[in-house]
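*Asks:* after the sequence you'll find the predicted model.
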Amino acid sequence: MDTAARAREIVVRLRALYPDPEPALVHSNAYELLVATVLAAQCTDARVNTVTPEFFRRWPDPASLARADVAQVEDVVHSTGFFRQKAKNLVAAAKLMAERHGGGVPDSMATLTTLPGVARKTANIVLSNALGKNEGIAVDTHVRRLAFRLGLTVSTNPIIIEKDMMLLLSQEDWGIVNHLLVLHGRAVCKARKPRCDFCVLGDICPRLGL
DNA sequence: ATCCCGAGGG
DNA sequence: CCCTCTGGAT
């Protein structure tokens, strides 16, 4: 089985294992998903979900966040780590959206990545989950680890991994593959003690001899 | 390559 | 104690 066939088979098996993969970050619109995804940098989604209810209540849209006191935002997002950067970036991004994007979330990779604190990973999450667009594949710590272990790439560079995976998968799967690999990365193919004995991909994983 | 940064697990 | 968690900017 060549690499592309293996990649497609991985998606098929993980779809069966995780029937209805949903974004674990609680949100109700593109703005909320953008905020939650920025906060998710080097932080568990579970922790992000503990701070976003208050965040969205106090700053329900880009306009209100643009007028927010950065110190108060720092206070709310403190427990997610990198809190100074995240608060500063979110308020600056909100000001850009309020002043230059009609108060809404930009709907293209090129424009989203002009926002401070937003690069390809965050933009891909917002585009595929809130805006219905598959412009690329979101490569986070889980996708990077699993893509490498599964032999879908020989690189550890997220940009190259994304390109490799885009060539291996059809565009309709670009959004879902992130959720599938994240779910499997959390439950089975964990960073520290991967449970290879439980893995449905064992027979097509280079790690187990292939 | 390094920095930003808190919290939980082993 | 060290590693990891849906990264991004310098």
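*Replies:* Cool, the structure landed.
*Asks:* drop to CA atoms for contacts and neighbour counts, all remaining ones
*Replies:* OK.
*Asks:* quick one: secondary structure of A:Ala93?
*Replies:* Applying DSSP: H, G, I helix; E, B strand; the rest coil to A:Ala93 yields a three-state assignment of helix.
*Asks:* that one reaches A:Thr111, doesn't it?
*Replies:* No: between A:Ala93 and A:Thr111 there is no contact under CA atoms under 8 Å: 11.4 Å.
*Asks:* out of those two, which sits in the more crowded spot?
*Replies:* Neighbours were counted for A:Ala93 and for A:Thr111 using other CA atoms under 10 Å; A:Ala93 has more, 23 against 13.
*Asks:* which residue sits closest to that one, ignoring its sequence neighbours?
*Replies:* Among residues not flanking A:Ala93 along the chain, A:Leu115 sits closest, at 5.2 Å (CA to CA, 6 or more residues apart in numbering).
*Asks:* so what's the one you found up against?
*Replies:* Under the criterion of CA atoms under 8 Å, 6 or more residues apart in numbering, the contact partners of A:Leu115 comprise A:Ala92, A:Ala93, A:Leu96.
*Asks:* next, find the distance separating it from A:Ala4.
*Replies:* Distance, A:Leu115 to A:Ala4, by CA to CA, to the nearest Å: 34 Å.
*Asks:* what pLDDT does A:Glu22 get?
*Replies:* Note on A:Glu22: pLDDT of 80.
*Asks:* ok, and the closest non-adjacent residue to it?
*Replies:* A:His179 (7.1 Å).
*Asks:* what do you get for A:Arg207?
*Replies:* The nearest residue in space to A:Arg207 (CA to CA, 6+ apart) is A:Arg149, at 6.3 Å.
*Asks:* would you confirm that that neighbour contacts A:Gly202?
*Replies:* No: contact criterion CA under 8 Å: A:Arg149 and A:Gly202 do not qualify, at 11.2 Å.
*Asks:* which residues of chain A score low on pLDDT?
*Replies:* A:208-210 (pLDDT under 70).
*Asks:* do a quick rundown of the strands in it.
*Replies:* Secondary structure of chain A by DSSP state E: no strands are present.
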